[in-house]
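Participant: Prediction below, plus the sequence it came from.
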Number of protein chains: 2
Amino acid sequence: MKCGSALNRRVPAGDDRLRHVCDACGTIHYSNPKMVVGTIPVYEGRILLCRRAIEPRYGLWTLPAGFMENEETVEEGARRETREEAGAELERLSPFALFSLPFVSQVYLMFRAELAGPAFSAGHESLETRLVAEAGIPWGEIAFPVIEKTLRLFLADRKTGSFAFHTGTIDRRI
Amino acid sequence: MKCGSALNRRVPAGDDRLRHVCDACGTIHYSNPKMVVGTIPVYEGRILLCRRAIEPRYGLWTLPAGFMENEETVEEGARRETREEAGAELERLSPFALFSLPFVSQVYLMFRAELAGPAFSAGHESLETRLVAEAGIPWGEIAFPVIEKTLRLFLADRKTGSFAFHTGTIDRRI
């Protein structure tokens, strides 16, 4: 990736794990967990959900979320994903929950947020976007356990009128 | 990294950024921000600091922290780094602060924690480890702004008797 040569797998000096090493230029290419940043966008009490237009879990419902990109902050990534997947702009982001998904080497960071206005639209990774009240959440058609967990924590906190910051581990993808 | 062939840089179909693509096997090798996980280990009110035995910032003081590894949770990574760099075991980890460092494409997640006992020792990346009271913190010799910021937030919260979860952006390495 640096000099373009092929890579070998070995344990570098002073390390204790197999890494991808370029024996041409000496660069060690580390593989580390990826961060997924996303939001719970709320407008007049309803939550903005997206129906997935891509695999995995095509046709099921999720919150706007995706891989954080280099050279952005977590908030910038969460706003970008919400813009790309749901055509929506956000106000007042607050960190809400952080989940480790060790089986896929991912960490999810989800923000609470308010929609800046009633404008939203399906991006190219979404079949449709919809504002749903709590009673309208399609619990049987939520794409991922990490999204269901986020929604349940959000609704439970909202009932108490006080939002905490949550952390946890998710041990399955679907 | 998957088939071992050399990689090319181009924008894959449906994407909007340059990625490293293997034209032999078709795999897209994404580069994303890395997470650094670390701790503020406390024993009888004093904080465990490590003096760096490696570059950058050799000889300066820091908190135990390092790159999260694949297939671990954020808490497991924070415990591992504290064990590796400071020879210490932790109890009662609480997420304390999350910082974006977009200029190096990193995200720091720092936990508050109690030392399980008075045992600690310098790992191979540390010259020495030391428990310091607030008055003994070597402010002029802290290795990184993100560590100084974490320590100042921790001490300020401790004075009030109530710990919040903090987020922010750090815009310089040293």
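Facilitator: Yep, it's here. Keep in mind that this is a model prediction, so the values were computed, not measured. Numbers count the residues shown, from 1 in each chain, chains lettered A, B, ... in the order given.
Participant: When you work out contacts or count neighbours from here on, use the C-alpha atoms and nothing else.
Facilitator: Noted.
Participant: Tell me which stretches of chain A form helices.
Facilitator: In chain A, the helices defined using DSSP state H lie at A:74-86, A:145-160.
Participant: Turn these into a markdown table, columns for mean pLDDT, distance to B:Leu98 and mean neighbour count.
Facilitator: Output for the helices of chain A, formatted as a markdown table (pLDDT from 0 to 100; distance: least, Cα to Cα, whole Å; neighbours: other Cα atoms under 10 Å in any protein chain shown):
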| stretch | mean pLDDT | distance to B:Leu98 | mean neighbour count |
| --- | --- | --- | --- |
| helix A:74-86 | 97 | 9 | 24 |
| helix A:145-160 | 98 | 19 | 16 |
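Participant: Which of these sits closest to B:Val37?
Facilitator: Between B:Val37 and the helices of chain A, the shortest gap by Cα to Cα is with helix A:74-86, which sits at 15.2 Å.
Participant: what packs against the closest one?
Facilitator: Using 3 or more Cα pairs under 8 Å, 6 or more residues apart in numbering or on different chains; DSSP states H and E, the elements in contact with helix A:74-86 are strand A:34-43, strand A:65-67, strand A:126-132.
Participant: closest to chain B out of the ones you listed?
Facilitator: Evaluated with Cα to the nearest Cα, those place strand A:34-43 nearest to chain B, the distance being 6.5 Å.
Participant: hmm, the closest one touching chain B?
Facilitator: Yes: legend: contact between strand A:34-43 and chain B by Cα under 8 Å from any Cα of the partner chain is shown at A:Lys34, A:Met35.
Participant: That strand pairs with which strands?
Facilitator: strand A:46-52 (antiparallel), strand A:65-67 (antiparallel), strand A:106-115 (parallel) (DSSP bridges).
Participant: The last one: how far from the chain's middle?
Facilitator: Mean C-alpha position of strand A:106-115 versus that of the full chain (Cα atoms, centre = their mean, to the nearest Å) differs by 7 Å.
Participant: and the angle for it with helix A:145-160?
Facilitator: Orientation check (axes from the mean of the first three to the mean of the last three Cα atoms, to 10 degrees): strand A:106-115 against helix A:145-160 gives 40 degrees.
Participant: could you redo the strands paired with strand A:34-43 as JSON lines and give each row mean pLDDT and mean neighbour count?
Facilitator: Converted to JSON lines, these look like this (pLDDT from 0 to 100; neighbours: other Cα atoms under 10 Å in any protein chain shown):
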{"stretch": "strand A:46-52", "mean pLDDT": "98", "mean neighbour count": "24"}
{"stretch": "strand A:65-67", "mean pLDDT": "97", "mean neighbour count": "22"}
{"stretch": "strand A:106-115", "mean pLDDT": "98", "mean neighbour count": "24"}
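Participant: Quick check: which of these is nearest to B:Val37?
Facilitator: Here strand A:106-115 is closest among those (Cα to Cα), at 11.7 Å.
Participant: how about the CA coordinates for that closest one, as CSV?
Facilitator: Extracted as CSV, the C-alpha positions of strand A:106-115 are listed here (Å, rounded to 0.1, in the frame of the first residue of the first chain):
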residue,chain,number,x,y,z
GLN,A,106,-15.9,-3.0,14.9
VAL,A,107,-16.8,-0.3,17.4
TYR,A,108,-20.1,1.6,17.0
LEU,A,109,-20.6,5.1,18.3
MET,A,110,-24.2,6.3,18.1
PHE,A,111,-25.3,9.9,18.6
ARG,A,112,-28.7,11.3,19.6
ALA,A,113,-29.6,14.3,17.4
GLU,A,114,-32.4,16.5,16.3
LEU,A,115,-33.3,16.9,12.6
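Participant: elements contacting the top strand by length along chain A?
Facilitator: Longest strand in chain A, counting residues (DSSP state E): strand A:90-101. If you count contacts as 3+ Cα pairs under 8 Å, 6+ apart, strand A:90-101 packs onto strand A:106-115, strand A:166-169.
Participant: Now do it against strand B:90-101, angle only.
Facilitator: With the same axes, to 10 degrees defining the directions, strand A:90-101 sits at 130 degrees from strand B:90-101.
Participant: strands paired with strand A:90-101, and their directions?
Facilitator: strand A:106-115 (antiparallel), strand A:166-169 (parallel).
Participant: Tell me which of the ones you listed approaches B:Gly59 most closely.
Facilitator: Nearest to B:Gly59 among the strands paired with strand A:90-101 is strand A:106-115 (31.8 Å), distances taken as Cα to Cα.
Participant: What separation is there between the residue nearest to A:Pro95 when sequence neighbours are not counted and chain B?
Facilitator: For A:Pro95, ignoring the flanking residues on the chain, the nearest one in space by Cα to Cα, 6 or more residues apart in numbering or on different chains is A:Phe111 at 4.4 Å. As judged by Cα to the nearest Cα, to the nearest Å, A:Phe111 and chain B stand 11 Å apart.
Participant: surely A:Phe111 meets A:Thr39?
Facilitator: Yes: at 4.6 Å, A:Phe111 counts as touching A:Thr39 under the criterion of Cα atoms under 8 Å.
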